[in-house]
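Asker: how would this look folded up:
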Amino acid sequence: MDAARVGGSSFRGAALAVAVASGMVLGGCTFDPEPVPSEPTFPTTAPPPSKPPTQGLPSPIKRPAIPTRELKAHLEQYSQRLIDAGAPAVLLELRVGAEVWTHAAGVRNAAGEPARATDPVHVGDITQPLVAVSVLKLAEEGRLSLDEPASTYVPELQSLLHQPEPYTVRRLLGHTSGMPDYYAALLGSVPPRQALATRLSPEDKLALAATLPWERRRAQTFSYSNSNYIALGLIVERLRGRPLADVLWADVWRPLGLGGTRLTADGPGPDGMVHGYTLIDGEHVDTTHAALHNGSAATGLVSTVADLNTFFDALLDGRLVRRDRVAEMQGPVHAEYGLGLFQWNDRCTNGFYYGYVGDVPGYGTVAMASADGSRRLALAVAYPPLPFPQDTTARGANAALAGMTQVAEDALNGSCRLGGDVWFGQGT
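Answerer: Just a heads-up that it's a prediction; the model follows:
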(Lines give C-alpha, C1' and ligand atoms only; values in the text may rest on other atoms or scores of the structure.)
Protein backbone atom coordinates (compact mmCIF):
# COMPACT_ATOMS: atom_id res chain seq x y z
CA MET A 1 0.00 0.00 0.00
CA ASP A 2 1.45 3.34 -1.02
CA ALA A 3 -0.30 4.95 1.91
CA ALA A 4 0.30 5.71 5.51
CA ARG A 5 -2.17 6.54 8.26
CA VAL A 6 -5.03 4.88 6.35
CA GLY A 7 -6.53 3.67 9.59
CA GLY A 8 -6.09 6.87 11.56
CA SER A 9 -8.63 9.55 12.27
CA SER A 10 -6.49 12.22 10.63
CA PHE A 11 -6.44 10.20 7.41
CA ARG A 12 -10.17 9.63 7.61
CA GLY A 13 -10.71 13.38 7.78
CA ALA A 14 -8.42 13.93 4.81
CA ALA A 15 -10.05 11.03 2.99
CA LEU A 16 -13.49 12.55 3.39
CA ALA A 17 -12.28 15.92 2.15
CA VAL A 18 -10.69 14.34 -0.92
CA ALA A 19 -13.72 12.14 -1.55
CA VAL A 20 -16.15 15.06 -1.34
CA ALA A 21 -13.98 17.13 -3.64
CA SER A 22 -13.82 14.33 -6.20
CA GLY A 23 -17.53 13.51 -6.03
CA MET A 24 -16.96 10.05 -4.57
CA VAL A 25 -19.05 10.19 -1.39
CA LEU A 26 -22.31 8.26 -1.60
CA GLY A 27 -24.30 10.84 -3.48
CA GLY A 28 -24.02 13.31 -0.61
CA CYS A 29 -25.63 10.90 1.85
CA THR A 30 -23.51 9.94 4.83
CA PHE A 31 -26.03 7.53 6.43
CA ASP A 32 -26.01 8.99 9.90
CA PRO A 33 -27.62 6.48 12.30
CA GLU A 34 -28.23 7.25 15.91
CA PRO A 35 -25.63 5.50 18.11
CA VAL A 36 -26.98 2.52 19.99
CA PRO A 37 -25.49 0.79 23.01
CA SER A 38 -24.93 -2.58 21.37
CA GLU A 39 -24.66 -4.23 17.96
CA PRO A 40 -28.00 -4.60 16.15
CA THR A 41 -29.09 -8.17 15.69
CA PHE A 42 -30.14 -9.63 12.36
CA PRO A 43 -32.16 -12.74 11.57
CA THR A 44 -30.10 -15.66 10.32
CA THR A 45 -32.85 -17.00 8.09
CA ALA A 46 -35.45 -15.37 5.91
CA PRO A 47 -38.71 -14.79 7.78
CA PRO A 48 -41.69 -16.98 6.92
CA PRO A 49 -44.36 -15.66 4.57
CA SER A 50 -46.86 -13.33 6.21
CA LYS A 51 -50.03 -15.05 7.46
CA PRO A 52 -53.50 -13.54 7.40
CA PRO A 53 -53.98 -11.30 10.45
CA THR A 54 -55.44 -13.01 13.47
CA GLN A 55 -58.69 -11.61 14.90
CA GLY A 56 -57.93 -8.72 17.22
CA LEU A 57 -54.21 -8.52 16.33
CA PRO A 58 -52.66 -5.90 14.11
CA SER A 59 -51.53 -6.92 10.62
CA PRO A 60 -47.84 -7.74 10.33
CA ILE A 61 -45.68 -4.81 9.30
CA LYS A 62 -43.91 -5.23 5.96
CA ARG A 63 -40.22 -5.12 6.74
CA PRO A 64 -37.85 -3.21 4.46
CA ALA A 65 -34.82 -4.98 3.03
CA ILE A 66 -31.19 -4.36 3.98
CA PRO A 67 -29.62 -2.69 2.19
CA THR A 68 -32.53 -0.38 1.37
CA ARG A 69 -33.18 0.83 -2.15
CA GLU A 70 -31.52 4.08 -1.13
CA LEU A 71 -28.31 2.44 0.07
CA LYS A 72 -28.14 0.14 -2.95
CA ALA A 73 -28.75 3.06 -5.28
CA HIS A 74 -25.98 5.14 -3.72
CA LEU A 75 -23.49 2.28 -3.91
CA GLU A 76 -24.43 1.63 -7.53
CA GLN A 77 -24.14 5.34 -8.36
CA TYR A 78 -20.72 5.48 -6.73
CA SER A 79 -19.67 2.45 -8.77
CA GLN A 80 -20.93 4.09 -11.96
CA ARG A 81 -18.95 7.27 -11.19
CA LEU A 82 -15.78 5.19 -11.00
CA ILE A 83 -16.63 3.42 -14.27
CA ASP A 84 -17.36 6.77 -15.92
CA ALA A 85 -13.98 8.03 -14.66
CA GLY A 86 -12.25 5.16 -16.46
CA ALA A 87 -12.17 2.35 -13.87
CA PRO A 88 -12.21 -0.99 -15.73
CA ALA A 89 -14.17 -2.77 -12.98
CA VAL A 90 -15.82 -2.37 -9.57
CA LEU A 91 -16.69 -5.38 -7.37
CA LEU A 92 -18.54 -5.28 -4.05
CA GLU A 93 -20.02 -7.63 -1.48
CA LEU A 94 -22.01 -6.38 1.51
CA ARG A 95 -23.05 -8.82 4.25
CA VAL A 96 -25.53 -8.01 7.02
CA GLY A 97 -26.15 -10.97 9.28
CA ALA A 98 -26.69 -13.95 7.00
CA GLU A 99 -27.86 -11.81 4.11
CA VAL A 100 -25.68 -10.90 1.13
CA TRP A 101 -25.81 -8.23 -1.56
CA THR A 102 -23.27 -8.21 -4.40
CA HIS A 103 -22.56 -5.79 -7.21
CA ALA A 104 -20.24 -5.84 -10.21
CA ALA A 105 -19.72 -3.28 -12.96
CA GLY A 106 -17.30 -2.92 -15.85
CA VAL A 107 -15.17 -5.53 -17.59
CA ARG A 108 -12.53 -8.09 -16.65
CA ASN A 109 -10.14 -7.42 -19.50
CA ALA A 110 -9.47 -5.70 -22.80
CA ALA A 111 -11.62 -8.32 -24.55
CA GLY A 112 -14.63 -6.79 -22.82
CA GLU A 113 -15.75 -9.80 -20.77
CA PRO A 114 -18.25 -8.53 -18.16
CA ALA A 115 -16.88 -8.41 -14.62
CA ARG A 116 -18.58 -10.58 -12.01
CA ALA A 117 -18.62 -10.17 -8.24
CA THR A 118 -16.92 -13.58 -7.93
CA ASP A 119 -13.91 -12.59 -10.05
CA PRO A 120 -10.46 -12.66 -8.41
CA VAL A 121 -8.62 -9.37 -8.09
CA HIS A 122 -5.19 -8.29 -6.85
CA VAL A 123 -5.78 -7.09 -3.27
CA GLY A 124 -2.19 -6.06 -2.53
CA ASP A 125 -1.56 -5.10 1.08
CA ILE A 126 -4.47 -7.21 2.37
CA THR A 127 -1.87 -9.97 2.23
CA GLN A 128 -0.54 -8.61 5.53
CA PRO A 129 -3.31 -9.60 7.98
CA LEU A 130 -3.07 -13.17 6.67
CA VAL A 131 0.67 -13.18 7.29
CA ALA A 132 -0.01 -11.74 10.76
CA VAL A 133 -2.29 -14.72 11.45
CA SER A 134 0.51 -17.13 10.55
CA VAL A 135 2.94 -15.27 12.82
CA LEU A 136 0.48 -15.32 15.73
CA LYS A 137 -0.19 -19.03 15.24
CA LEU A 138 3.54 -19.62 15.64
CA ALA A 139 3.39 -17.59 18.85
CA GLU A 140 0.45 -19.65 20.11
CA GLU A 141 2.46 -22.82 19.47
CA GLY A 142 5.42 -21.44 21.42
CA ARG A 143 7.59 -21.37 18.30
CA LEU A 144 8.33 -17.66 18.65
CA SER A 145 7.86 -14.76 21.05
CA LEU A 146 6.51 -11.46 19.79
CA ASP A 147 8.90 -9.63 22.09
CA GLU A 148 12.07 -11.33 20.89
CA PRO A 149 14.21 -9.61 18.24
CA ALA A 150 13.24 -10.70 14.73
CA SER A 151 16.88 -11.64 14.12
CA THR A 152 16.50 -14.39 16.74
CA TYR A 153 14.61 -16.37 14.10
CA VAL A 154 16.35 -15.11 10.94
CA PRO A 155 19.85 -14.11 12.09
CA GLU A 156 20.84 -12.58 8.76
CA LEU A 157 18.24 -9.83 9.20
CA GLN A 158 20.67 -7.93 11.43
CA SER A 159 23.43 -7.75 8.81
CA LEU A 160 21.07 -7.52 5.84
CA LEU A 161 19.17 -4.51 7.17
CA HIS A 162 21.95 -2.70 9.03
CA GLN A 163 19.53 -2.12 11.88
CA PRO A 164 20.49 0.62 14.30
CA GLU A 165 19.13 -1.65 17.05
CA PRO A 166 17.33 -5.02 17.19
CA TYR A 167 13.63 -4.81 16.49
CA THR A 168 11.08 -7.23 17.88
CA VAL A 169 8.57 -9.30 15.95
CA ARG A 170 5.82 -7.22 17.60
CA ARG A 171 7.20 -4.01 16.12
CA LEU A 172 7.31 -5.54 12.65
CA LEU A 173 3.67 -6.63 13.00
CA GLY A 174 2.63 -3.17 14.15
CA HIS A 175 4.67 -1.15 11.63
CA THR A 176 6.54 0.54 14.48
CA SER A 177 10.10 -0.51 13.60
CA GLY A 178 10.95 2.58 11.57
CA MET A 179 12.24 0.27 8.80
CA PRO A 180 12.50 1.99 5.39
CA ASP A 181 10.15 0.80 2.64
CA TYR A 182 11.90 -1.09 -0.15
CA TYR A 183 9.30 0.22 -2.60
CA ALA A 184 10.62 3.77 -2.46
CA ALA A 185 14.20 2.55 -2.96
CA LEU A 186 13.15 0.40 -5.92
CA LEU A 187 11.39 3.26 -7.69
CA GLY A 188 14.47 5.41 -7.21
CA SER A 189 16.81 2.81 -8.73
CA VAL A 190 15.17 1.49 -11.93
CA PRO A 191 12.68 2.71 -14.58
CA PRO A 192 9.00 2.21 -13.62
CA ARG A 193 8.32 -0.49 -16.20
CA GLN A 194 11.30 -2.48 -14.98
CA ALA A 195 10.23 -2.02 -11.36
CA LEU A 196 6.90 -3.72 -12.08
CA ALA A 197 8.33 -6.46 -14.28
CA THR A 198 11.19 -7.64 -12.02
CA ARG A 199 10.64 -10.37 -9.46
CA LEU A 200 12.72 -9.72 -6.35
CA SER A 201 13.43 -12.19 -3.56
CA PRO A 202 12.57 -11.13 0.00
CA GLU A 203 16.30 -10.70 0.64
CA ASP A 204 16.60 -8.45 -2.43
CA LYS A 205 13.74 -6.27 -1.20
CA LEU A 206 15.23 -5.92 2.27
CA ALA A 207 18.63 -5.12 0.78
CA LEU A 208 16.94 -2.29 -1.15
CA ALA A 209 15.32 -1.07 2.07
CA ALA A 210 18.75 -1.04 3.70
CA THR A 211 19.96 1.54 1.16
CA LEU A 212 17.68 4.10 2.81
CA PRO A 213 18.26 5.58 6.29
CA TRP A 214 16.31 4.25 9.25
CA GLU A 215 14.26 6.98 10.90
CA ARG A 216 14.75 6.66 14.63
CA ARG A 217 12.11 9.27 15.35
CA ARG A 218 9.52 6.94 13.81
CA ALA A 219 10.48 3.98 15.92
CA GLN A 220 7.72 3.01 18.38
CA THR A 221 5.20 5.07 16.36
CA PHE A 222 3.11 3.81 13.46
CA SER A 223 4.98 4.23 10.17
CA TYR A 224 3.73 1.98 7.38
CA SER A 225 6.44 0.07 5.52
CA ASN A 226 5.98 -3.03 3.36
CA SER A 227 9.47 -4.09 4.41
CA ASN A 228 8.15 -5.09 7.84
CA TYR A 229 6.00 -7.83 6.36
CA ILE A 230 8.67 -8.97 3.95
CA ALA A 231 10.80 -9.70 7.04
CA LEU A 232 7.85 -11.44 8.74
CA GLY A 233 7.36 -13.63 5.69
CA LEU A 234 10.97 -14.78 6.00
CA ILE A 235 10.41 -15.62 9.67
CA VAL A 236 7.31 -17.69 8.85
CA GLU A 237 9.12 -19.59 6.11
CA ARG A 238 12.16 -20.22 8.29
CA LEU A 239 10.20 -21.55 11.28
CA ARG A 240 7.75 -23.63 9.23
CA GLY A 241 10.34 -24.88 6.74
CA ARG A 242 7.88 -24.34 3.89
CA PRO A 243 7.13 -21.64 1.29
CA LEU A 244 4.87 -18.86 2.52
CA ALA A 245 2.09 -19.82 0.11
CA ASP A 246 1.97 -23.32 1.60
CA VAL A 247 1.82 -21.94 5.13
CA LEU A 248 -1.01 -19.52 4.30
CA TRP A 249 -2.89 -22.36 2.62
CA ALA A 250 -2.64 -24.49 5.76
CA ASP A 251 -3.33 -21.66 8.22
CA VAL A 252 -6.09 -19.74 6.41
CA TRP A 253 -7.21 -20.78 2.93
CA ARG A 254 -7.85 -24.48 3.56
CA PRO A 255 -9.72 -24.20 6.89
CA LEU A 256 -11.94 -21.41 5.56
CA GLY A 257 -12.42 -22.85 2.08
CA LEU A 258 -11.13 -19.72 0.35
CA GLY A 259 -11.14 -21.11 -3.16
CA GLY A 260 -10.51 -17.75 -4.86
CA THR A 261 -7.46 -16.78 -2.77
CA ARG A 262 -3.79 -17.40 -3.51
CA LEU A 263 -0.39 -15.74 -3.62
CA THR A 264 0.65 -14.53 -7.04
CA ALA A 265 3.29 -16.66 -8.71
CA ASP A 266 5.16 -16.92 -11.98
CA GLY A 267 2.97 -17.82 -14.92
CA PRO A 268 -0.67 -17.06 -15.73
CA GLY A 269 -3.03 -15.87 -13.02
CA PRO A 270 -6.36 -17.43 -12.07
CA ASP A 271 -9.16 -17.66 -14.61
CA GLY A 272 -11.44 -14.66 -14.78
CA MET A 273 -9.04 -12.32 -13.02
CA VAL A 274 -9.88 -8.63 -13.30
CA HIS A 275 -7.12 -6.75 -15.11
CA GLY A 276 -5.64 -3.54 -13.74
CA TYR A 277 -3.75 -0.84 -15.60
CA THR A 278 -1.44 2.07 -14.99
CA LEU A 279 0.12 4.79 -17.15
CA ILE A 280 3.86 4.84 -17.82
CA ASP A 281 5.07 7.62 -20.11
CA GLY A 282 1.49 8.07 -21.28
CA GLU A 283 1.08 4.41 -22.28
CA HIS A 284 -1.41 2.00 -20.72
CA VAL A 285 0.45 -0.84 -19.01
CA ASP A 286 -1.31 -3.99 -17.75
CA THR A 287 -0.34 -4.57 -14.09
CA THR A 288 -2.33 -7.78 -13.61
CA HIS A 289 0.74 -10.01 -13.54
CA ALA A 290 3.32 -7.55 -12.22
CA ALA A 291 6.25 -9.74 -11.18
CA LEU A 292 7.16 -7.34 -8.39
CA HIS A 293 4.34 -8.79 -6.26
CA ASN A 294 4.92 -12.48 -6.97
CA GLY A 295 4.99 -14.42 -3.71
CA SER A 296 5.22 -11.22 -1.67
CA ALA A 297 4.33 -11.34 2.03
CA ALA A 298 3.43 -7.65 1.78
CA THR A 299 1.46 -7.31 -1.49
CA GLY A 300 1.17 -10.69 -3.21
CA LEU A 301 -2.43 -11.74 -2.54
CA VAL A 302 -5.12 -12.37 -5.13
CA SER A 303 -8.62 -12.87 -3.71
CA THR A 304 -12.33 -12.25 -4.18
CA VAL A 305 -14.62 -9.90 -2.27
CA ALA A 306 -16.50 -12.91 -0.86
CA ASP A 307 -13.28 -14.54 0.37
CA LEU A 308 -12.20 -11.30 2.04
CA ASN A 309 -15.49 -11.06 3.92
CA THR A 310 -15.19 -14.70 4.97
CA PHE A 311 -11.63 -14.17 6.21
CA PHE A 312 -12.39 -11.14 8.37
CA ASP A 313 -15.50 -12.79 9.81
CA ALA A 314 -13.51 -15.87 10.85
CA LEU A 315 -10.62 -13.78 12.17
CA LEU A 316 -12.78 -11.54 14.37
CA ASP A 317 -14.75 -14.57 15.57
CA GLY A 318 -11.59 -16.19 16.93
CA ARG A 319 -11.61 -19.10 14.49
CA LEU A 320 -8.08 -18.49 13.19
CA VAL A 321 -6.24 -17.35 16.31
CA ARG A 322 -7.32 -17.03 19.94
CA ARG A 323 -9.46 -14.07 20.91
CA ASP A 324 -6.70 -12.54 23.02
CA ARG A 325 -4.52 -12.57 19.90
CA VAL A 326 -7.36 -10.99 17.90
CA ALA A 327 -7.48 -8.20 20.50
CA GLU A 328 -3.77 -7.59 19.96
CA MET A 329 -4.35 -7.43 16.22
CA GLN A 330 -7.11 -4.87 16.75
CA GLY A 331 -4.91 -2.66 18.91
CA PRO A 332 -5.84 -0.20 21.66
CA VAL A 333 -8.95 1.97 21.46
CA HIS A 334 -8.49 4.75 18.90
CA ALA A 335 -5.18 3.31 17.71
CA GLU A 336 -4.43 3.79 14.05
CA TYR A 337 -3.25 0.20 13.75
CA GLY A 338 -2.80 -2.82 15.93
CA LEU A 339 -0.84 -5.93 14.94
CA GLY A 340 -2.23 -6.46 11.45
CA LEU A 341 -5.55 -4.56 11.43
CA PHE A 342 -6.68 -0.99 10.82
CA GLN A 343 -9.71 0.44 12.61
CA TRP A 344 -12.49 2.84 11.65
CA ASN A 345 -15.41 4.33 13.61
CA ASP A 346 -18.54 2.18 13.88
CA ARG A 347 -21.30 4.70 14.50
CA CYS A 348 -23.85 1.92 14.90
CA THR A 349 -22.24 0.70 18.12
CA ASN A 350 -19.91 3.52 19.18
CA GLY A 351 -17.20 0.93 18.58
CA PHE A 352 -14.93 0.17 15.65
CA TYR A 353 -14.74 -1.59 12.33
CA TYR A 354 -11.61 -3.63 11.67
CA GLY A 355 -10.06 -4.56 8.37
CA TYR A 356 -7.46 -3.57 5.84
CA VAL A 357 -6.79 -1.49 2.73
CA GLY A 358 -4.85 -2.60 -0.32
CA ASP A 359 -3.25 -0.20 -2.79
CA VAL A 360 -0.96 -1.39 -5.60
CA PRO A 361 -0.52 -0.12 -9.16
CA GLY A 362 -3.81 -0.71 -10.96
CA TYR A 363 -5.88 -1.83 -7.96
CA GLY A 364 -7.46 -0.60 -4.75
CA THR A 365 -9.30 -2.74 -2.19
CA VAL A 366 -11.05 -2.03 1.11
CA ALA A 367 -12.37 -4.72 3.46
CA MET A 368 -13.86 -3.91 6.85
CA ALA A 369 -16.17 -5.58 9.35
CA SER A 370 -17.95 -4.76 12.60
CA ALA A 371 -16.27 -6.15 15.70
CA ASP A 372 -18.70 -9.09 15.87
CA GLY A 373 -18.50 -9.72 12.12
CA SER A 374 -22.24 -9.23 11.60
CA ARG A 375 -21.73 -6.39 9.10
CA ARG A 376 -18.99 -6.73 6.49
CA LEU A 377 -18.14 -5.00 3.24
CA ALA A 378 -15.43 -5.73 0.69
CA LEU A 379 -14.93 -3.32 -2.22
CA ALA A 380 -12.38 -3.89 -4.99
CA VAL A 381 -11.67 -1.48 -7.83
CA ALA A 382 -9.45 -1.71 -10.88
CA TYR A 383 -8.41 1.94 -10.77
CA PRO A 384 -8.86 4.39 -13.60
CA PRO A 385 -5.32 4.28 -15.05
CA LEU A 386 -3.05 6.70 -13.17
CA PRO A 387 0.54 7.75 -13.87
CA PHE A 388 3.11 5.45 -12.29
CA PRO A 389 4.95 6.13 -10.12
CA GLN A 390 2.85 8.80 -8.46
CA ASP A 391 4.49 11.67 -6.62
CA THR A 392 5.76 10.10 -3.39
CA THR A 393 4.95 13.31 -1.52
CA ALA A 394 1.27 12.44 -2.05
CA ARG A 395 1.48 9.01 -0.44
CA GLY A 396 -1.62 8.48 1.62
CA ALA A 397 -3.61 10.95 -0.45
CA ASN A 398 -4.77 8.62 -3.25
CA ALA A 399 -8.14 10.16 -4.00
CA ALA A 400 -9.70 6.94 -5.30
CA LEU A 401 -8.57 4.91 -2.28
CA ALA A 402 -9.67 7.64 0.10
CA GLY A 403 -13.10 7.69 -1.50
CA MET A 404 -13.38 3.90 -1.33
CA THR A 405 -12.51 3.86 2.36
CA GLN A 406 -15.09 6.51 3.21
CA VAL A 407 -17.76 4.82 1.09
CA ALA A 408 -17.22 1.50 2.86
CA GLU A 409 -17.41 3.11 6.30
CA ASP A 410 -20.54 5.09 5.37
CA ALA A 411 -22.24 2.03 3.89
CA LEU A 412 -21.65 -0.08 7.00
CA ASN A 413 -22.86 2.76 9.20
CA GLY A 414 -25.96 2.97 7.01
CA SER A 415 -26.64 -0.77 7.16
CA CYS A 416 -27.86 -0.63 10.77
CA ARG A 417 -30.02 2.48 10.64
CA LEU A 418 -33.29 0.52 10.43
CA GLY A 419 -32.55 -1.77 13.36
CA GLY A 420 -32.53 -5.55 13.40
CA ASP A 421 -36.00 -6.50 12.11
CA VAL A 422 -34.98 -6.51 8.44
CA TRP A 423 -33.82 -8.84 5.71
CA PHE A 424 -32.90 -8.78 2.03
CA GLY A 425 -36.12 -8.88 0.05
CA GLN A 426 -37.14 -9.58 -3.52
CA GLY A 427 -37.69 -6.69 -5.86
CA THR A 428 -35.59 -4.23 -3.85
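Asker: so in the chain, which strand runs the longest?
Answerer: As assigned by DSSP state E, the longest strand anywhere in the chain is strand 351-360.
Asker: what's the mean pLDDT across stretch 144-158?
Answerer: Regarding stretch 144-158, the rounded mean pLDDT is 96.
Asker: so where's the stretch 151-300 of the chain uncertain?
Answerer: Within the stretch 151-300 of the chain, the ranges that satisfy pLDDT under 70 run 216-220, 266-267.
Asker: need the helices for the stretch 251-400 of the chain, in chain order.
Answerer: According to DSSP state H, counting those that start in this stretch, the stretch 251-400 of the chain carries its helices in the segments 254-256, 305-316, 323-330, 399-414.
Asker: export these to JSON lines and tack on mean neighbour count and distance to C348?
Answerer: (C-beta placed from N, C-alpha, C; glycine too.) Shown next, in JSON lines, are those (neighbours: other CB atoms under 10 Å; distance: least, CB to CB, whole Å):
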{"stretch": "helix 254-256", "mean neighbour count": "13", "distance to C348": "26"}
{"stretch": "helix 305-316", "mean neighbour count": "24", "distance to C348": "15"}
{"stretch": "helix 323-330", "mean neighbour count": "18", "distance to C348": "17"}
{"stretch": "helix 399-414", "mean neighbour count": "24", "distance to C348": "6"}
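Asker: now for these, which one comes closest to V135?
Answerer: helix 323-330 (9.8 Å; CB to CB).
Asker: redo the helices of the stretch 251-400 of the chain as JSON lines? Include distance to P164.
Answerer: JSON lines is the format used below for these (distance: least, CB to CB, whole Å):
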{"stretch": "helix 254-256", "distance to P164": "39"}
{"stretch": "helix 305-316", "distance to P164": "33"}
{"stretch": "helix 323-330", "distance to P164": "26"}
{"stretch": "helix 399-414", "distance to P164": "32"}
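Asker: of all the ones you listed, which one is nearest I235?
Answerer: For the helices of the stretch 251-400 of the chain, the distance to I235 is smallest for helix 323-330, at 16.3 Å, taking CB to CB.
Asker: give me the helices and strands touching that closest one, please.
Answerer: If you count contacts as 3 or more CB pairs under 8 Å, 6 or more residues apart in numbering; DSSP states H and E, helix 323-330 packs onto helix 127-140, helix 305-316, strand 351-360.
Asker: and the contacts of that helix?
Answerer: 129, 132, 136, 139-140, 315-316, 318, 321, 338-341, 343, 352, 354, 371 (CB atoms under 8 Å, 6 or more residues apart in numbering).
Asker: give me that answer again for 6 Å
Answerer: For helix 323-330, contacts defined as CB atoms under 6 Å, 6 or more residues apart in numbering pick out L136, G318, G338, L339, G340, L341, Y354.
Asker: what sits against the third one?
Answerer: In this case it means G338. With contact taken as CB under 6 Å, 6+ apart, G338 is in contact with M329, Q330, G331.
Asker: hmm, try it at 10 Å
Answerer: Taking CB atoms under 10 Å, 6 or more residues apart in numbering as the contact definition, G338 lies against 7, 129, 132, 173-174, 222, 326-332, 354.
Asker: with the fourth one instead?
Answerer: When contacts are counted by CB under 10 Å, 6+ apart, L339 touches 129, 132, 135-136, 146, 169-176, 325-331.
Asker: tell me where the stretch 201-350 of the chain has strands.
Answerer: 262-263, 277-280, 283-286, 301-303, 342-346 (DSSP state E, counting those that start in this stretch).
Asker: what is the burial count for P387?
Answerer: Neighbouring residues of P387 were enumerated by other CB atoms under 10 Å; the total is 12.
Asker: show me where pLDDT drops low in the stretch 1-150 of the chain?
Answerer: 1-67.
Asker: can you show me the helices along it?
Answerer: 9-21, 69-84, 127-140.
Asker: same list (the strands of the stretch 201-350 of the chain) but as CSV, adding mean neighbour count and distance to W249.
Answerer: Below are the strands of the stretch 201-350 of the chain laid out as CSV (neighbours: other CB under 10 Å; distance: least, CB to CB, whole Å):
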stretch, mean neighbour count, distance to W249
strand 262-263, 20, 8
strand 277-280, 20, 29
strand 283-286, 14, 27
strand 301-303, 27, 12
strand 342-346, 22, 25
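Asker: output the ones you listed in JSON lines; the columns should cover distance to W101.
Answerer: Rendered in JSON lines, the data for the strands of the stretch 201-350 of the chain read as follows (distance: least, CB to CB, whole Å):
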{"stretch": "strand 262-263", "distance to W101": "26"}
{"stretch": "strand 277-280", "distance to W101": "28"}
{"stretch": "strand 283-286", "distance to W101": "30"}
{"stretch": "strand 301-303", "distance to W101": "19"}
{"stretch": "strand 342-346", "distance to W101": "19"}
